[in-house]
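*Asks:* The following comprises the amino acid sequence and a computationally predicted model.
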Amino acid sequence: VLQSSNSLKASYEDWLLTYGLSVSPFHMRWQTALFNRQFYNWGRWKPRFLYLWFSIGMVFGIVAMFGSVILLGKTLMQTLTQMLTEAPKAQNDRMLQVVVSVLSSGLCLRRYKLIVLCENGPCSVVPGVNLPVSQLTYFFSAILISGVIHEVGHGVAAIREQVRFNGFGIFIFIVYPGAFVDLFTTHLQLISPVQQLRIFCAGVWHNFVLGVASFMVLFLLPAILFPFYYTGVGALVTEVAEDSPANGPRGLFVGDLVTNLQDCPVYSVEDWNSCLGDISEKSQVGYCLSAATLQQLSFPAR
């Protein structure tokens, strides 16, 4: 339609230009100058502090660059070594005794034992898919927030180094969200290499600070939410995969609280992982139950 009508095409392009939009196959971008004043306010706030801040970021960026190369090289060597030397392992089912505490409708804590068959060693906390579809919203939201913080670092550092700031924008490439800043390239090329490094390293430096701040909030979350939640009493079951041996009327249910794995007490998710690691190194344990007891435990009342 746009190709057949020049006037309609011109109107469409004018509309995109007016709102700072750019549309191409698999890519959509929005750029604006609405936040330029705010960026300039940030870039001129306490110049001495910003100089030290971005200088630390420059050092961190250089160290992180070499560290990331070493880490990627080490990961590559480990992967190649496993591919060349790893022998196929025998598939053995293991029997795991899980003690689960359930809050019944009468708010009485009831305990019972559950036998679960785990294929190929210990059961995973979330077996199967590494990232469930239900978490994609959180995943892409985290990417977008990280991208915005990353580009804010570049923009503020550029203004601090007297580089003209043209605008800020957000893009979507297929399904991947991100952000960007538009800097005047000529100014960027005229400044010294050290100043350029401060600008280039500001993004990853801000992402690192964001990660540390997020970790601190996550670490303090139990204390912040203490009046509403409690911790240190077990591993809460939040999801059971449909193809898991623990699924079904005799298995685990969402909301169950795992307090023991065989004779290993579980007070947290870390204990769950630690107990599974210890159990996988021990010989398999079998249990003898009478037919009456087995029938009684087959369908525990919920």
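*Replies:* Here it is on my side, so go on. Residues are numbered from 1 along each chain as shown.

*Asks:* State the pLDDT value of the nearest residue to Ala33 once chain neighbours are set aside.
*Replies:* The shortest distance from Ala33 to any non-neighbouring residue, by Cβ to Cβ, 6 or more residues apart in numbering, is to Gly167 (4.6 Å). From N, CA and C alone the C-beta is placed, and that goes for glycine too. pLDDT for Gly167: 91.

*Asks:* Phi first, then psi, for Gly167.
*Replies:* Here the main-chain torsion angles of Gly167 (degrees, to the nearest 10) amount to phi 170, psi 170.

*Asks:* before we move on, what about the one 10 residues further on?
*Replies:* Dihedral pair for Pro177: phi -90, psi 150, per degrees, to the nearest 10.

*Asks:* so which strand or helix has the residue nearest to it when sequence neighbours are not counted?
*Replies:* With Cβ to Cβ, 6+ apart as the criterion, Pro177 has its nearest non-adjacent residue at 4.3 Å, and that residue is Leu144. Using DSSP states H and E, Leu144 falls within helix 136-160.

*Asks:* name the helices or strands packed onto that helix?
*Replies:* Other helices and strands packing on helix 136-160, by 3 or more Cβ pairs under 8 Å, 6 or more residues apart in numbering; DSSP states H and E, are helix 36-43, helix 47-85, strand 165-173, strand 176-183, helix 193-224.

*Asks:* Now do the buried residues in it.
*Replies:* Judged by neighbour count using 16 or more other Cβ atoms under 10 Å, the buried positions of helix 136-160 are 144, 146-160.

*Asks:* do stretch 16-32 as well
*Replies:* Residues of stretch 16-32 classed as buried under the neighbour-count rule (16+ other Cβ under 10 Å) are Arg29, Trp30, Gln31.

*Asks:* what sits opposite the nearest residue to the last one once chain neighbours are set aside in the beta ladder?
*Replies:* Put plainly, it is Gln31. Nearest residue to Gln31 in three dimensions, chain neighbours excluded: Gly169, at 3.5 Å (Cβ to Cβ, 6+ apart). Bridge pairing for Gly169 (DSSP bridges) gives the partners Gln31, Phe180.

*Asks:* The one 4 residues further on too?
*Replies:* Beta-bridge partners for Phe173, by DSSP bridges, are His27, Tyr176.

*Asks:* From Pro47, how far out is it?
*Replies:* Counting by Cβ to Cβ, to the nearest Å, the gap from Phe173 to Pro47 is 36 Å.

*Asks:* before we move on, what about Ser283?
*Replies:* Taken as Cβ to Cβ, the span from Ser283 to Pro47 is 67 Å.

*Asks:* Output the below-cut-off pLDDT ranges for the chain.
*Replies:* 1-9, 12, 86-132, 287, 297-302 (pLDDT under 70).
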